[in-house]
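Visitor: Build the 3D model from these lines:
(2 chains, ligands or ions: 2)
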Amino acid sequence: MPRQPFFQTGRILSINLRRDWLKLLIWLIALSGLFASIAAKFNNLYGSKTAIEKITATLNTPAMISLFGRLPHGPYSSADVFAGEMTVFMAIFGVIMNFSLAISLTRGDEDSGVTELVSARYVGPYATMMAAINELMIANGLLALLYAGGLQVAGLNGTNTGGNLVLGISLGLNGLMFGLLAVVCAQLAASSRAATSLAYLLFGVIYLARMLTDVSHPRYTWLSPLGWVEKLQTYRSNNWLPAMLMLITIVVLMVLTIMLRARRDLNAGILATRPGRRHASLFLRGPVSLVGRLERNTILAWIIGLFIFGAMYGSVFNTVADILKSNPITLKLLADPHTAALATTQVLKSFIALLMIIFAVCAIIPGLQIIFRLATDEQRGMLEMLHARPVSRFRLNVVLSIWGIVTSVLALTAAVGGLAVAANMVLDHPLANKLFIHGLLANISPLLIFLGAGALLVGWLPKLRSLVWLYLGATFVMNYFGRLFDLPEWATKLSPFGFIGHVPASSLNWSVFWWQTGIAAALFVVGLIGYQLRDLNSAN
Amino acid sequence: MQLSPVIHVSHLQKRFGKFQALHDVTFDVQPGEVFGFIGPNGAGKSTTIRTLLGLLRASGGTATIFGKDVFHDAVSIHKNIAYVPGDVYLWPNLTGGEIIDLFLRLSQQRHSKRTDELIKAFGLDTSKKARTYSKGNRQKVALIAALSQSADLYIFDEPTSGLDPLNEQVFQDEVKALKAAGKAILLSSHILSEVEQMCDRIGIIREGQIIETGTLTEMQHLTRTQISVTTKSPLTDLTDQPGVHQLKQTGKTAATFAVDSEAMTTVTRYLAEHQILTLKSTPPTLEDLFLRYYSQQPDQTNSKTGDGSDA
Ligand SMILES: Nc1ncnc2c1ncn2[C@@H]1O[C@H](COP(=O)(O)OP(=O)(O)OP(=O)(O)O)[C@@H](O)[C@H]1O
Ligand SMILES: [Mg+2]
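Guide: Ligands and ions are numbered 1, 2, ... in the order given. Predicted coordinates for the structure are as follows:
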């Protein structure tokens, strides 16, 4: 083995880039395109003083702060509104991109055996890992340039070059920092899936720390690495301190990764696998229990995770309700306690409606992953052995679909449950359970449509199944910004969530529920037919 | 052999998009018979087997197992067959023991004494997670599950490609026992000694086409036998004898050569006329047959066997 630990990193990097260029290109175009096109729209959307005042009043409500982070003090320009609305949001998307890239470059390649093949060549022991890190650097570096350049070109009122640079570069550094966090997770966990779960678990904690401190004690947001991007004072004093912090964290994580990599074998995690049982439990006897056994930890983690996620949002409901006291227009109405209570409930209802869609998007993820086992386990060669036994395609498809649906519905219920419990603990005037239940019910039919779309693609075109993720991502973007943008009617209707209204702020529409469930059922059935007719491929 | 065949494949075709993986595959497997399936890499062995398992949908021709259609009646067929693929992939966080039990239960069978015997014979640590198994160990999991299952048909696709010689021996013994018990077995393998020893009949497939089926003896008949001979009187005009190839004369009375099967009688008569002192005849091994078929280029296919023009 060569002496230099990183020998041949460059060559591996260029091979990887040749393989990954399309994926990288799609990510870069999607993220920078989203960023720049919104920036270009902002002079129109928030050009006038009144428009800016209106939007900043909304953004300064605790509900919006919990989602978008905190704005600096006024007065505001269009650029301030842009930075306030987009920074945390783009940071989150950067994290998703980096997790996906980092894990597939490290653990993913290891699981599929590519790393073993490459490492057997005349390359340094850390070369494959360093090539992965370099690729992350390139991706985030390009993204930073595209962000800063896009802002420069968009020419928002109130921007300056320093601000464009600090925002673009910090978003890039933030992405790289979380990418390295994922690389660290890849050393700890024993498979790419476990590494992804671990990374998102950590991210969940970091996100909640940002959210909670943002709403109550913004000073402590410094404690959450995701909060650093909020401290840039973009277009004000253009503070480079957060960027420095990120840089230091990146170096620390890099050293940590190398140390961890040195302590583990290829294809094994630091967290060792223990020997298990010699015989299957009585419970493990068919596809239903097999899926349960394989997915139980993931399902539990999602349910508990989303319950906590919901509860954390619920715990800020009293602050959200306080908005009425701080707003001079509504202050007058407060004299009448009845009107005040009504107004408070209205604000909370809208907030619940918005959160509900975010919860639903999250809850779809584990269910979709279970349904996608029909394609992923097929590619990894496990289904061949299963279908060679008397397990029909029909049965396996139905079993996985039902597990997927149950998991997603339970995960959404857990999130809503956490929200309801925590909210009613902190609120002086508890909200009726009916509000939460209606919110939950309204979101179930779009959730089913997404799962059905997954089942459809798995049945007919398993290679294109990632399109559902793309669609889910787009839905998330549209709804996260929600009403801030006044999207045209037709645009909201591109997603099944666009039809359900803002339950519980508006009333639950049963006819939408039924026709959407009907469409979802049709998607599942058509997918099932495809799965029964098509070739089942094997790993090789 | 007028019993109804266990596997009946007739003019089977399989196309993947534009690529035709199987052109014309025809063969039968009878009960109590070990059918060896050999052919170069990419010939279509696994594709044939996956079609037989109902995993792939045939583009043409028919295939039945136990008289039922392999695609439409897959589930009822699978109740009575056991299958071991060449590359075994298992759920990484289940143990070998759990997977063996699960597989048996899926086939409505249970972990028996025989299962334990097989686990012992193959020397598998069943408490380990599948993630940590080597290729050979993963294959053992599938083999144990398949062999401890009582089925009417066993399908093995290169089942020993990852096994060490000791375990390979265990496998061969088990297959012989299955055969003695009257089971039908379809065995695809690149280990020709294995096929030669165990198989009653052999099918050779190349580029999606079965080019030969028959017993080893029948196949040997189709090609030349290697002869080395010493005689009393000099073998002067041996070259002129029909059916003699690759002649090497080490002296006037000693020669080695290959002879076509159909010319055997005339050649031995000729040799006898010269008073044979020693005679050694070596029938072609499967390997000889194999190389002969494999090394042929497609444009040479009509010079298949024994026409002597390519000597
Ligand atoms: N899903 C598929 N799509 C396209 N081509 C395929 C597919 N599966 C197999 N093939 C092609 O069909 C041909 C036959 O493959 P098959 O796996 O049956 O060969 P094999 O005889 O089992 O070879 P080996 O001895 O290497 O196992 C190969 O050329 C292969 O590339
Ligand atoms: Mg094969």
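Visitor: Which residue ranges of chain B form strands?
Guide: For chain B, the strands defined by DSSP state E occupy B:7-16, B:19-29, B:34-38, B:60-65, B:68-69, B:81-84, B:153-157, B:184-188, B:201-206, B:209-214, B:225-231, B:244-249, B:254-259, B:276-282.
Visitor: Out of the ones you listed, which is closest to residue A:308?
Guide: Residue A:308 lies closest to strand B:81-84 among these, at 44.8 Å (CB to CB). Where you see a C-beta, it was placed from the backbone N, CA and C, and this is true even at glycine.
Visitor: Taking the stretch 201-350 of chain A, what residue is nearest to ligand 1?
Guide: Taking CB to the nearest ligand atom as the measure, the point where the stretch 201-350 of chain A comes nearest ligand 1 is residue A:287, at 23.7 Å.
Visitor: That residue - how many residues pack around it?
Guide: Around residue A:287 there are 20 other residues, counting by other CB atoms under 10 Å in any protein chain shown.
Visitor: now it: how far from residue A:378?
Guide: Counting by CB to CB, to the nearest Å, the gap from residue A:287 to residue A:378 is 14 Å.
Visitor: For ligand 2, which of the strands of chain B is the nearest?
Guide: Ligand 2 lies closest to strand B:153-157 among the strands of chain B, at 5.8 Å (CB to the ion).
Visitor: which helices and strands does the closest one pack with?
Guide: Applying 3 or more CB pairs under 8 Å, 6 or more residues apart in numbering or on different chains; DSSP states H and E, we find strand B:153-157 packed against helix B:45-52, strand B:81-84, helix B:135-147, helix B:165-180, strand B:184-188.
Visitor: Given it, what are its sheet partners and their directions?
Guide: According to DSSP bridges, strand B:153-157 has the following sheet partners: strand B:81-84 (parallel), strand B:184-188 (parallel).
Visitor: Show me the contact partners of it.
Guide: The contact list for strand B:153-157 (CB atoms under 8 Å, 6 or more residues apart in numbering or on different chains) reads B:6-7, B:29, B:45-46, B:49, B:52-53, B:65-66, B:80-86, B:146-147, B:175, B:178, B:183-189.
Visitor: how about a cut-off of 7 Å?
Guide: B:6-7, B:45-46, B:49, B:52, B:65, B:80-86, B:146, B:178, B:183-188 (CB atoms under 7 Å, 6 or more residues apart in numbering or on different chains).
Visitor: what does stretch A:295-302 give?
Guide: A:197, A:366, A:370, A:403, A:407, A:411.
Visitor: residues near residue B:29, how many?
Guide: Residue B:29, neighbours per other CB under 10 Å, totals 24.
Visitor: Would you confirm that it contacts residue B:186?
Guide: Yes. Residue B:29 lies in contact with residue B:186 (CB atoms under 7 Å); the separation is 5.6 Å.
Visitor: Mind listing the shared neighbours of the two?
Guide: Shared contacts of residue B:29 and residue B:186, defined by CB under 7 Å, 6+ apart, are found at B:7, B:35.
Visitor: Please pull out the lowest mean pLDDT helix or strand from chain A.
Guide: helix A:328-333 (a mean of 56; mean pLDDT, DSSP states H and E).
Visitor: thinking again about what came up before, could you redo the helices and strands packed on strand B:153-157 as TSV and give each row mean neighbour count?
Guide: Formatted as TSV, these follow (neighbours: other CB atoms under 10 Å in any protein chain shown):
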stretch	mean neighbour count
helix B:45-52	24
strand B:81-84	26
helix B:135-147	24
helix B:165-180	16
strand B:184-188	24
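Visitor: who wins for proximity to ligand 2 among these?
Guide: Of those, nearest to ligand 2 by CB to the ion is helix B:45-52, at 3.1 Å.
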